[in-house]
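**Student:** Here's my sequence, what's the structure:
(chains A and B)
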Amino acid sequence: MRSIQRRLSLGLVGVLLVVGLILAQGSLWLFDHSLRRYLQEGLENEAQTLMSAIYRGPQGLQLDERRLSAGFQRPYSGQYFRIDFAGEAWRSRSLWDRELPQAAEPGLQAALADGPEGQQWLILRADYQRFGQDISIHVARDYTPVLDSFQRLQRLGLLLGGVALGVILLLQRFIVRRALRPLEQARQQIMQLQQGQRSQLEEQVPDELQPLVAQINHLLSHTEDSLKRSRNALGNLGHALKTPLAVLVSLLDREEFRQCPELQGALRLQLEHIEQRIARELGRARLAGEVLPGAHFVCARELPELFATLEMIHGGHLQLSWQASADLRLPWDREDLLELLGNLLDNACKWADSRVQLTIDSHAAGCRIQIEDDGPGIEPSRRELVLNRGSRLDEQVTGHGLGLGIVRDIVDTWGGQIMLTDSALGGLQVRIELPYRTP
Amino acid sequence: MRLLLVEDHVPLADELLASLTRQGYAVDWLADGRDAAYQGVSEPYDLIILDLGLPGRPGLEVLREWRGAGLSTPVLVLTARGSWAERIEGLKAGADDYLSKPFHPEELQLRIQALLRRANGLANQPTLDAAGLQLDEARQCVSRDGQVIELTAAEFRLLRYFMLHSGKILSKIQLNEHLYDGESERDSNVIEVHVNHLRRKLGREVIETRRGQGYRFTGDGL
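**Tutor:** Down below sits the predicted model:
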């Protein structure tokens, strides 16, 4: 879709060009027309003057040279005549060696005739009956000065038109930009929404945009609410299921069950399966999938709290550190990413001897999360197994597997990849590559 | 050690009460958030176990109120909401540890021990060490130089409290308050009797009497 600004500009230029050209050409034509009408009267006068200058002399009809205007005497002066009667033709001296073409019809001739020295002749033919003879008088006048001034006018008009067009376009651009400013603001706010820098659009917009903005805001808050509600409901469900489970697990410690270790073991195993299944499925159901604008993960805000929590849980003997650029925002749901990092870091803390390190690097296409520890690590042959277990119901295992299972669910939802390698610290390195979604 | 257990699920609370009492803790049990908010600050507990999904008032709100009122008692949060976002929320509200349901009773026991030691500035080791004595909280016996000395439940409770507050003067009232729950009858003579039993088993110098002030655990070495 092209921008509204450009559409408006193109439309306006088109309309202005068409209208401007029609107007300019039309007014030129009208001007030309009325000028010829005016010149026609002059020519008719001249023809009459010529007619009246004809008299019957001693040798038949004669022209009284004194009554002719000087323009007819000077060669190529721009004023010409030709008088035809009874096989005779008189020509003005100004014609010199040129012929004045005879017109077929009396009156002003529509077409200009070519004259000497690039002249264009406007010719009028007048027919008279005098002295018992048909006398046909052609009067011509050079029209080029008028044509020249028309051309100058045209050029000037073109220039003025062009300048006016430019000014109008600039003004239009300015006006349109002013009028579209709310749209531009909305566009920027939507960008900010995508980057997670705001959670709602500004409601103060013109009437035309009001429904759109209100609808977007409504959708946003609706989605946020329903996510919150469903997470809350899942939390309640978890609470309702896990509390009785906790009772059962506690009951298993009673003296009566200790008497029969086999029964105790079997029950405990099944309870563990139920527990893990619930945790895994609830964890999966909690995933937001698409990030909501207000719920981006701001490293500088979330990581210190997460690490404070980990330090509290795992005590002071571990050196926990994280590296991420100061203003890094990751475009995934805050709670999901906390769950991912929390589980991985928690695992790392369980196995580390003294150090756990988190590194988050962002690049153009995505981000890389690395979690390293200096613990015993996992043998290369077992890594695939560790990653995959917990993914099927009959492969549930305790401890390590569950956290990774949830991590895997999250990474899969986001279309990322998870790899286990050796860490420079000596233990395990969990590397996660997450691609950014392109909006 | 006197604990407050705030848990609204009665069967779980029953189980926890029984197992905590077996471990020698004096436990008061509340099921409502509003009661807990009041009693948490009015009684001298050594540790509070708080469930977050409470009727009356949400557990997190109660916790924030306690911390706002300056209560420094360690709080162990017990919850079915085990997501990391909620854990961080809980620890921000002032929890000292977080245990997700369901949990093994031993896990709870270990967390309680660790919290109590941390609150009293002691290292978290398998046994509680103070002044040459090693107290095994799981087996409820004490050893010195590898020699194991058996204890009765009452002696164990008293000795654990002494060892957690090694070197401090403890009045009889304080001992009473922290060793018995709110419903037990308190009799200062009982403390005296148990102190004497401990002295008989561990030696007279282990606990010295400060006239008019109370007792002080010194151990052998001091």
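
**Student:** residues contacting residue A:373?
**Tutor:** Contacts for residue A:373 (CB atoms under 8 Å, 6 or more residues apart in numbering or on different chains) come out as A:348, A:349, A:351, A:352, A:353, A:355, A:356, A:357, A:423, A:425, A:427, A:428. C-beta: built from backbone N, CA, C; applies to glycine.

**Student:** Can you flag the buried ones in those residues?
**Tutor:** Among the contacts of residue A:373, those buried by neighbour count (16 or more other CB atoms under 10 Å in any protein chain shown) are A:348, A:349, A:351, A:352, A:355, A:356, A:357, A:423, A:425, A:427, A:428.

**Student:** tell me which of those residues is nearest to residue A:83?
**Tutor:** residue A:357 (115.4 Å; CB to CB).

**Student:** Any stretches of chain B with poor pLDDT?
**Tutor:** Applying pLDDT under 70 to chain B picks out residues B:188, B:219-222.

**Student:** Distance of whatever residue of it ends up closest to chain A relative to residue A:367?
**Tutor:** Going by CB to the nearest CB, chain A is nearest to residue B:84 of chain B, at 3.1 Å. Separation of residue B:84 from residue A:367 (CB to CB, to the nearest Å): 19 Å.

**Student:** Looking at those two, which is more packed in?
**Tutor:** In this view residue B:84 and residue A:367 are compared by other CB atoms under 10 Å in any protein chain shown, and residue B:84 has more residues nearby, 23 against 19.

**Student:** Now the more buried one. Nearest residue, chain neighbours left out?
**Tutor:** Excluding the flanking residues, the one nearest residue B:84 by CB to CB, 6 or more residues apart in numbering or on different chains is residue A:342, at 3.1 Å.

**Student:** can you tell me which residues contact the one you found?
**Tutor:** A:306, A:309, A:310, B:84, B:87.

**Student:** correct me, but the second one touches residue B:88?
**Tutor:** Yes - the pair formed by residue A:309 and residue B:88 meets the contact definition of CB atoms under 8 Å, at 5.0 Å.

**Student:** Mind checking which of these two has more residues around it?
**Tutor:** Comparing residue A:309 with residue B:88 by neighbour count (other CB under 10 Å), the higher total belongs to residue A:309, at 23 against 20.

**Student:** tell me the pLDDT at that one?
**Tutor:** Residue A:309 carries a pLDDT value of 87.

**Student:** got the contact list for it?
**Tutor:** So residue A:309 contacts A:342, B:84, B:87, B:88, B:91, B:98 (CB under 8 Å, 6+ apart).

**Student:** make it 7 Å
**Tutor:** Residue A:309 makes contacts with B:87, B:88, B:91, as judged by CB atoms under 7 Å, 6 or more residues apart in numbering or on different chains.

**Student:** same check, this time on residue B:45
**Tutor:** B:2, B:3, B:4, B:73.

**Student:** how about 6 Å then?
**Tutor:** B:2, B:4, B:73 (CB atoms under 6 Å, 6 or more residues apart in numbering or on different chains).

**Student:** Show me what the helix or strand harbouring residue A:161 is packed against.
**Tutor:** Under the criterion of DSSP states H and E, residue A:161 resides in helix A:144-194. Where contact means 3 or more CB pairs under 6 Å, 6 or more residues apart in numbering or on different chains; DSSP states H and E, helix A:144-194 is packed against helix A:4-53.

**Student:** next helix or strand past the helix it packs on?
**Tutor:** Sequence-wise, the next helix or strand downstream of helix A:4-53 (DSSP H and E) is strand A:54-57.

**Student:** what mean pLDDT does the very next helix or strand once past that next one have?
**Tutor:** For strand A:54-57, the succeeding helix or strand toward the C-terminus, using DSSP H and E, is strand A:60-63. The average pLDDT within strand A:60-63 is 82.

**Student:** For strand A:60-63, could you pull out the residues that count as buried?
**Tutor:** So strand A:60-63, judged by 16+ other CB under 10 Å, has buried residues A:61, A:63.

**Student:** Paired strands for that strand, with orientation please.
**Tutor:** When pairing is defined by DSSP bridges, strand A:60-63 lines up against strand A:54-57 (antiparallel).

**Student:** contacts for the strand it pairs with?
**Tutor:** Residues contacting strand A:54-57 (CB under 6 Å, 6+ apart): A:61, A:62, A:63, A:131.

**Student:** Apply 8 Å and report the result again.
**Tutor:** Strand A:54-57 is contacted from outside by A:61, A:62, A:63, A:64, A:83, A:130, A:131, A:135, using CB under 8 Å, 6+ apart.

**Student:** which stretch of helix or strand covers the residue in chain A positioned nearest to chain B?
**Tutor:** Proximity of chain A to chain B (CB to the nearest CB) peaks at residue A:342, 3.1 Å away. Taking DSSP H and E as the criterion, residue A:342 maps to helix A:334-351.

**Student:** List the contacts of the helix or strand following that helix.
**Tutor:** Sequence-wise, the next helix or strand downstream of helix A:334-351 (DSSP H and E) is strand A:355-362. If you take CB under 8 Å, 6+ apart as the criterion, strand A:355-362 is touched by A:299, A:303, A:310, A:318-325, A:328, A:330, A:341, A:345, A:348-349, A:367-374, A:425.

**Student:** Just the buried residues out of those, in PyMOL syntax.
**Tutor:** Selecting only the buried entries of the contacts of strand A:355-362 in PyMOL, with 16+ other CB under 10 Å as the criterion:
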select buried, chain A and resi 299+303+310+318+320+322+324+330+341+345+348+349+367+369+370+371+372+373+374+425
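
**Student:** In helices, which of the contacts of strand A:355-362 appear?
**Tutor:** Among those, the members falling in helices are A:299, A:303, A:310, A:341, A:345, A:348, A:349 (criterion: DSSP state H).

**Student:** What is the nearest of the residues you listed to residue B:66?
**Tutor:** residue A:310 (23.5 Å).

**Student:** re earlier: just checking: which of the contacts of residue A:309 also lie near chain A?
**Tutor:** B:87, B:88, B:91 (CB under 8 Å from any CB of the partner chain).

**Student:** ok so, going back, okay, and which of the contacts of residue B:45 map to strands?
**Tutor:** B:2, B:4 (DSSP state E).

**Student:** The contacts of residue B:45: which ones sit near chain A?
**Tutor:** Answer for the contacts of residue B:45 near chain A: none qualify (CB under 8 Å from any CB).

**Student:** any chance of the contacts of residue B:45 in CSV, with neighbour count too?
**Tutor:** Listed next are the contacts of residue B:45 as CSV, based on neighbours: other CB atoms under 10 Å in any protein chain shown:
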residue, neighbour count
B:2, 21
B:4, 22
B:73, 19
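
**Student:** Quick one: the contacts of residue B:45 as CSV, columns for distance to residue B:140 too.
**Tutor:** Output for those, formatted as CSV (distance: CB to CB, whole Å):
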residue, distance to residue B:140
B:2, 17
B:4, 22
B:73, 24
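
**Student:** mind checking how far the residue lying closest to residue A:20 once chain neighbours are set aside is from residue A:24?
**Tutor:** Distance criterion CB to CB, 6+ apart; nearest residue to residue A:20, sequence neighbours excluded, is residue A:161 at 5.1 Å. Residue A:161 sits 7 Å away from residue A:24, going by CB to CB.

**Student:** same question, residue A:72
**Tutor:** 37 Å.

**Student:** between those two, which one's more packed in?
**Tutor:** The neighbour comparison of residue A:72 against residue A:24 (other CB under 10 Å) goes to residue A:72, with 20 against 16.

**Student:** Those residues of chain B touching chain A, which are they?
**Tutor:** Residues of chain B lying close to chain A (CB under 8 Å from any CB) are B:9, B:11-12, B:15-16, B:19, B:53, B:79-88, B:91-92, B:96-98, B:100-106, B:114, B:124.

**Student:** From these, which land in helices?
**Tutor:** Among the residues of chain B next to chain A, the ones falling in helices (DSSP H) are B:11-12, B:15-16, B:19, B:84-88, B:91-92, B:105-106, B:114.
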